[in-house]
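> everything below, folded, please.
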Amino acid sequence: MDFRSAGALLVGTLSIAALHALIPSHWLAFAVVGRAQRWPMGRTLSIAALAGTGHVLVTMVLGLALAAAGKAALHAIPEALEHAVPTIVLIALGLYFVLQAFLRPGGHSRPHGHSHSHDHPHDHEAQDHAEHDERPSRVAMSALILGMTLSPCLDLLPIYIAAAALPWMMLLAISLLMAVVTLAIMVGLVWLALHGMERLNLRWLERNESLAVGSILIGLGALLFVIHVMKWS
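The predicted structure follows:
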């Protein structure tokens with residue numbers, strides 16, 4: 001791949017990493033739990049950063065493993081098809097994400113346990129009092145960190161597959177960009193939430209993540225196709 005293709009993949013990485021990190025499940029839970037446990041802001045931000053680090057590290061390991069497998073597979077692909085494969089992979093996976101978005105029952109994700117329509121105020125007060133009395137800080141921290149670490153960003157793995165022909169230094173640059181963008185947005189949004197920005201409505205993004213990611217992958221595949229056509233014309 002040439003520098004234009006590498007640049008396109010870096011832009012794709014930036015876009016998907018930012019989109020993924022904006023999803024409320026990646027930051028709102030830390031602010032909510034931190035307040036419920038009455039953690040200092042520094043502690044809440046540290047836990048978010050630690051969980052985000054585990055999240056991006058697992059994503060990097062999976063991505064680099066796929067890239068290594070892709071490098072091995074490229075040796076069996078004719079040179080004439082080498083530049084077409086990333087385009088085909090990205091567009092095919094993009095179509096898969098888009099179809100997944102439209103075929104999902106109801107067209108959006110399930111609620112995340114915030115329904116209060118059948119509860120009684122006294123039940124809430126008793127429950128809140130019990131939670132504050134117990135203060136299961138270690139359990140809460142472990143759950144947040146483990147939950148985020150064991151849920152890598154699968155949306156970014158197609159980028160690694162498409163970038164298999166790139167040198168390892170470029171793959172590491174993609175990984176570093178993904179890590180920095182994800183961590184910066186996660187921690188930044190936790191900080192904003194703790195300052196009263198938790199009302200920012202990003203649930204639409206969680207409901208439409210597959211559609212947004214699929215559109216980005218299709219657009220990236222089309223961009224790589226144009227770059228290769230311009231290169232060989």
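> which regions of this protein sit below the pLDDT cut-off?
For the chain, the stretches flagged by pLDDT under 70 are 1-3, 74-86, 104-136, 197-206, 209, 227-233.
> could you point out the longest helix of it?
Counting residues, the longest helix found in the chain (DSSP state H) is helix 41-74.
> name the residues of it that come out as buried.
Residues 44-45, 47-49, 51-56, 58-60, 62-64, 66-67, 70 are the ones in helix 41-74 that count as buried (16 or more other Cβ atoms under 10 Å). C-beta here means a position set from N, CA and C on the backbone, and glycine is covered the same way.
> helix or strand: which one has residue 146?
helix 137-149 (DSSP states H and E).
> and after that helix, which helix or strand comes next?
Sequence-wise, the next helix or strand downstream of helix 137-149 (DSSP H and E) is helix 157-162.
> any idea how far that following helix is from the chain center?
In terms of Cα atoms, centre = their mean, to the nearest Å, the gap separating the centre of helix 157-162 from the centre of its chain is 13 Å.
> buried set for that helix?
157, 158, 159, 160, 161, 162.
> then stretch 19-26?
Those would be 19, 20, 21, 22, 23, 24, 26, for stretch 19-26 by 16+ other Cβ under 10 Å.
> mind checking how far that stretch is from the chain centre?
7 Å.
> and it, C-alpha only, in CSV?
Taking Å, rounded to 0.1, in the frame of the first residue of the first chain, the C-alpha atoms of stretch 19-26 are listed here in CSV:
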residue,chain,number,x,y,z
LEU,A,19,-17.4,6.9,17.4
HIS,A,20,-17.0,3.8,19.6
ALA,A,21,-15.6,5.8,22.5
LEU,A,22,-18.6,8.2,22.4
ILE,A,23,-21.1,5.3,23.2
PRO,A,24,-22.5,6.0,26.7
SER,A,25,-21.6,2.5,27.9
HIS,A,26,-17.9,3.5,27.6
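> can you give me the helices for the chain?
Counting by DSSP H, the segments of the chain that form helices are 3-21, 28-36, 41-74, 79-82, 84-103, 121-134, 137-149, 157-162, 168-192, 203-207, 209-232.
> tell me the most buried of those?
helix 157-162 (a mean of 24; mean count of other Cβ atoms under 10 Å).
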